[in-house]
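Novice: Quick one, fold the following:
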Amino acid sequence: MIIPELPAYLSSMGGESYKGWIIALFTLSAGLSRPFSGKLADKIGRIPVMIFGASVCFLVGLSYPLLHFVSGFLFLRFAHGFSTGFTPTGTSAYVADTVPFAQRGEALGIQSLFGSLGMAAGPALGGWIASIWPIDVLFYAAAFTAIFSILILIRLKESLQEKVPLKLHLFKLEKNEILEKQVLLPSTILFLSVFSFGVVLTLIPDLSTYLSIKNKGLFFAVFTLSSLGIRLIAGRASDRIGRVKVMRVASAVMVLAMIAVAFATNKATLLGSAVLFGAAVGMHSPTTTAWVVDRSLENYKGRALATMYIFLELGIGLGALVSSWLYNNKPENFKIAFLFSAGIAFLGFLILIFIKSDRKNAPVLVP
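Specialist: Sure, this is the predicted structure:
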């Protein structure tokens, strides 16, 4: 809801040179929190981890109007990242716990479908709210949506079978608890893909303004809607023909999408590129998550998913920083930034060409 309005909001406080940090700080804290959320999801349960993330989203959302200065805003962007550092880790692990192995891709496609519905409605609704009321109303509205998440979560049955009480020593990480080596390959592919996502989140609001598109959330709504149906198709296809084959198509479409954005000159061509971008994201999301769970050890799903999300945040954060640096608030640099992003996505496609096996075996339980 709030992302499309944040670049202009930061500029209104005199922080236009920090636009790249809007996404980068968010993803930095999310990435730093992932090893902890993964370990806690495997130890104390999936639901407490999800509730913590939603609670952070609520509290930070209420705080934006209170810290109306550049350093305060940047601090809140960092703090806000803990919401996505925890909730998605617990959610994906919960889904993986509760569905049959043979339908994992399809189930994770359904999960990402509902995430996409929120991502489609959020920017469009946020843009509408910001066009009518002061931006503080937008922050409050975004914060209170988290309350509904919490109300749902407290009624769910925990899926982790063997839980331990929350104790201080659980926050101490051993070296092998930071990253799960089993899933480094799909996580690397994800990194190369979501670099483009960081570019889009950072530059599309300014590009929309440059092309005289009043609602800066329109691109986000279109690409999210275009990803909805294909998520289920991609998830089912990956269950049948393999994760790698679907990922190859997704990476190729991502390259085309970034090239299309680079050469967009009006509203119609920009929204056409949003359709391509949405198709790529819709194929990547459930397929990568299923591939990661396939390769994870049964009682370390949380750690494996946390590793995937660390690479996701790293990709988005670097995409935001690099694109902000390439753009440098000069419209003539839009093309350079998006073509660079297309090149990064193409590296992922090249790696996938040389992968012959998904290693799609049922997870192993270790003592």
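Novice: Can you tell me how far A120 is from V253?
Specialist: The gap separating A120 from V253 is 18 Å, by Cβ to Cβ, to the nearest Å. (C-beta placed from N, C-alpha, C; glycine too.)
Novice: oh sorry, the question was meant for G315
Specialist: Distance, G315 to V253, using Cβ to Cβ: 17 Å.
Novice: what about these two, which has more around it?
Specialist: Counting neighbours by other Cβ atoms under 10 Å for G315 and for V253 shows that G315 has the greater number, 25 against 22.
Novice: Look at the more buried one and report its pLDDT.
Specialist: The confidence metric pLDDT takes the value 91 at G315.
Novice: May I see the buried residues of the helix or strand harbouring it?
Specialist: Using DSSP states H and E, G315 sits within helix 301-327. For helix 301-327, the neighbour count (16 or more other Cβ atoms under 10 Å) marks 301-324, 326-327 as buried.
Novice: Lowest mean pLDDT among the helices and strands of the chain, which one is it?
Specialist: Ranking every helix and strand in the chain by mean pLDDT, DSSP states H and E puts helix 104-132 at the bottom, with a mean of 81.
Novice: which residues in the stretch 251-367 of the chain form strands?
Specialist: Secondary structure of the stretch 251-367 of the chain (DSSP state E, counting those that start in this stretch): no strands located.
Novice: remind me which residues of it are low pLDDT?
Specialist: By pLDDT under 70, the weakly predicted segments of the stretch 251-367 of the chain are 298-299, 357-367.
Novice: Go again with 80.
Specialist: Scanning the stretch 251-367 of the chain for pLDDT under 80 picks out the ranges 296-302, 356-367.
Novice: where along it do the helices fall?
Specialist: Here the stretch 251-367 of the chain has its helices, by DSSP state H, counting those that start in this stretch, at 267-295, 301-327, 334-353.
Novice: Alpha carbons only: can I get the last one in PDB?
Specialist: This points to helix 334-353. Only the C-alpha atoms of helix 334-353 are listed here, as PDB (Å, rounded to 0.1, in the frame of the first residue of the first chain):
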ATOM      1  CA  PHE A 334      16.000   4.900 -16.800                       C
ATOM      2  CA  LYS A 335      17.000   2.800 -19.900                       C
ATOM      3  CA  ILE A 336      20.500   2.100 -18.500                       C
ATOM      4  CA  ALA A 337      19.100   0.900 -15.200                       C
ATOM      5  CA  PHE A 338      16.500  -1.400 -16.600                       C
ATOM      6  CA  LEU A 339      18.800  -2.900 -19.300                       C
ATOM      7  CA  PHE A 340      21.400  -3.600 -16.600                       C
ATOM      8  CA  SER A 341      18.700  -5.400 -14.700                       C
ATOM      9  CA  ALA A 342      17.900  -7.500 -17.800                       C
ATOM     10  CA  GLY A 343      21.500  -8.500 -18.000                       C
ATOM     11  CA  ILE A 344      21.500  -9.800 -14.300                       C
ATOM     12  CA  ALA A 345      18.300 -11.800 -15.000                       C
ATOM     13  CA  PHE A 346      20.000 -13.300 -18.100                       C
ATOM     14  CA  LEU A 347      22.800 -14.700 -15.900                       C
ATOM     15  CA  GLY A 348      20.200 -16.700 -14.000                       C
ATOM     16  CA  PHE A 349      18.800 -18.000 -17.300                       C
ATOM     17  CA  LEU A 350      22.300 -19.100 -18.400                       C
ATOM     18  CA  ILE A 351      22.900 -21.000 -15.100                       C
ATOM     19  CA  LEU A 352      19.500 -22.800 -15.500                       C
ATOM     20  CA  ILE A 353      20.400 -24.000 -19.000                       C
END
